[in-house]
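Novice: okay, sequence plus prediction incoming.
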Amino acid sequence: MIRRRDFITFIGGAAATWSVAARAQQDGRVPLIGCLDAFDENSTGSQVIRTALREGLAKLGWIEGRNLKIEQRFGASDANRVQASAMELVSHAPEVIVSGGAAITRALQQATQTIPIVFTGGGDAAVNGLVKNIARPEGNTTGFSSAEPTAGGKWLELLKQAAPSLTRIAILFNPDVAPTAPNYIASIESAAVSLSVQIVKVPFRDAIELVHSIDAFAGEPNGGLLILPPPFIGDRSTILKLATHHRLPAMYSQRTLAVEGGLISYAADVADQTRRAASYVDRILHGAKVADLPVQFPTKYQLVVNIRTAKAIGLTIPEAFLLQADELLE
């Protein structure tokens, strides 16, 4: 026999863990999720993310306009807009927010400590401070990291395969926005030994320093560039233009940069990461706690080669390398 006090305690505990889905079904309210990504609304990257998220949710039974509402905001590569959009999303009190990238996630963490956040991208989440515990995230944040520190060695290996004559590689990174840089650099330096490549670290904090550093590096032959994440929001076009101008083969960590004119990108499949994030949204809506949803790393990468850029810098990429590519941009 259950005593009345024990029964009340049991009911109270059950109510506390009652899923959003169950409550919504009971009171007729449609759950709301927020989305904030770093791209402009009309960019290819943003369209890919939006489509993948809705596809992932639909496979799990969540259809926008039927049993789910989605509030979408865009960072548009503007730090002030990111902060404002984060605060605005939080003001709508969604059940969960999906974020893209470390900077976006940090803005949301500053805006709320209670609404669950599921990130996609942002490098190693523990290294860049999004979470402290990968296996059991504390606070309100978990998600899908875009790269492991060992990815640095793979970037270098692929760049060398695409341009075998390279003997010098400049690693570009902004230390103010790239806390994961030392981890990537460690794996790059390790790989450089076996590849007989000299590594030159090129930290920069503004466009003037960036231009001066690349110009100076390009003064000697057989050089290439390896651009570390996160992407430099204000300096992307400068890097792309200088790489082409100096005919420097370059490796990037985001597909969008290859699409914009970078030679090669090797990165997590953004659409796949976003569809996987939908599974965490579903679990949270059904009552799962953030602490029970470990941060996950990519399971699918994409190698993209921009053939137009290769021709522009006079590089003949080996046929064997092109056969590895997931996508050739011509």
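Specialist: Looks like it arrived, so ask away.
Novice: which stretches of the stretch 151-300 of the chain have low pLDDT?
Specialist: Low-confidence segments of the stretch 151-300 of the chain (pLDDT under 70): 179, 230-234.
Novice: and the helices in the stretch 201-330 of the chain?
Specialist: 207-217, 236-245, 255-259, 270-285, 307-312, 319-322 (DSSP state H, counting those that start in this stretch).
Novice: next one: the closest residue to residue 256 other than its chain neighbours from residue 211, what distance?
Specialist: Among residues not flanking residue 256 along the chain, residue 45 sits closest, at 4.6 Å (CB to CB, 6 or more residues apart in numbering). Every residue, glycine included, has its C-beta placed from N, CA and C. For residue 45, the distance to residue 211 (CB to CB, to the nearest Å) stands at 25 Å.
Novice: same check on residue 218?
Specialist: For residue 218, the distance to residue 211 - CB to CB - is 11 Å.
Novice: what touches both of the two?
Specialist: Both residue 218 and residue 211 are in contact with residue 242, where contact means CB atoms under 8 Å, 6 or more residues apart in numbering.
Novice: which parts of this structure are strands?
Specialist: Secondary structure of the chain (DSSP state E): strands located at 32-37, 69-74, 96-100, 117-120, 141-144, 168-173, 198-203, 223-227, 250-252, 264-268, 301-306, 327-329.
Novice: how about TSV for those, with distance to residue 83 and mean neighbour count added?
Specialist: Shown next, in TSV, are those (distance: least, CB to CB, whole Å; neighbours: other CB atoms under 10 Å):
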stretch	distance to residue 83	mean neighbour count
strand 32-37	11	26
strand 69-74	11	18
strand 96-100	13	28
strand 117-120	15	28
strand 141-144	17	27
strand 168-173	23	22
strand 198-203	25	16
strand 223-227	25	25
strand 250-252	26	29
strand 264-268	26	25
strand 301-306	31	21
strand 327-329	34	15
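Novice: just put those strands in TSV and tack on distance to residue 293.
Specialist: Formatted as TSV, the strands of the chain follow (distance: least, CB to CB, whole Å):
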stretch	distance to residue 293
strand 32-37	15
strand 69-74	20
strand 96-100	11
strand 117-120	8
strand 141-144	5
strand 168-173	30
strand 198-203	35
strand 223-227	31
strand 250-252	30
strand 264-268	18
strand 301-306	22
strand 327-329	31
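Novice: skipping its backbone neighbours, what lies nearest residue 92 in space?
Specialist: With CB to CB, 6+ apart as the criterion, residue 92 has its nearest non-adjacent residue at 5.4 Å, and that residue is residue 71.
Novice: contact partners for that neighbour?
Specialist: Per CB under 8 Å, 6+ apart, neighbours of residue 71: 32, 33, 34, 35, 89, 92, 94.
Novice: ok, 10 Å please
Specialist: Residues near residue 71 by CB atoms under 10 Å, 6 or more residues apart in numbering: 32, 33, 34, 35, 36, 85, 88, 89, 91, 92, 94, 97.
Novice: any idea what the residue lying closest to residue 97 once chain neighbours are set aside is bridged to?
Specialist: Residue nearest to residue 97 in three dimensions, not counting chain neighbours: residue 34, with 4.0 Å by CB to CB, 6+ apart. Assessed by DSSP bridges, residue 34 has beta-bridge partners residue 71, residue 97.
Novice: isn't residue 34 right next to residue 96, touching?
Specialist: Yes: between residue 34 and residue 96 there is a contact under CB atoms under 10 Å: 7.5 Å.
Novice: and the gap between the most centrally placed residue in the chain and residue 30?
Specialist: Centrality entry for the chain: nearest residue to the mean C-alpha point is residue 121, 2.0 Å, by CA atoms, centre = their mean. Here the criterion is CB to CB. By it, residue 121 lies 28 Å from residue 30.
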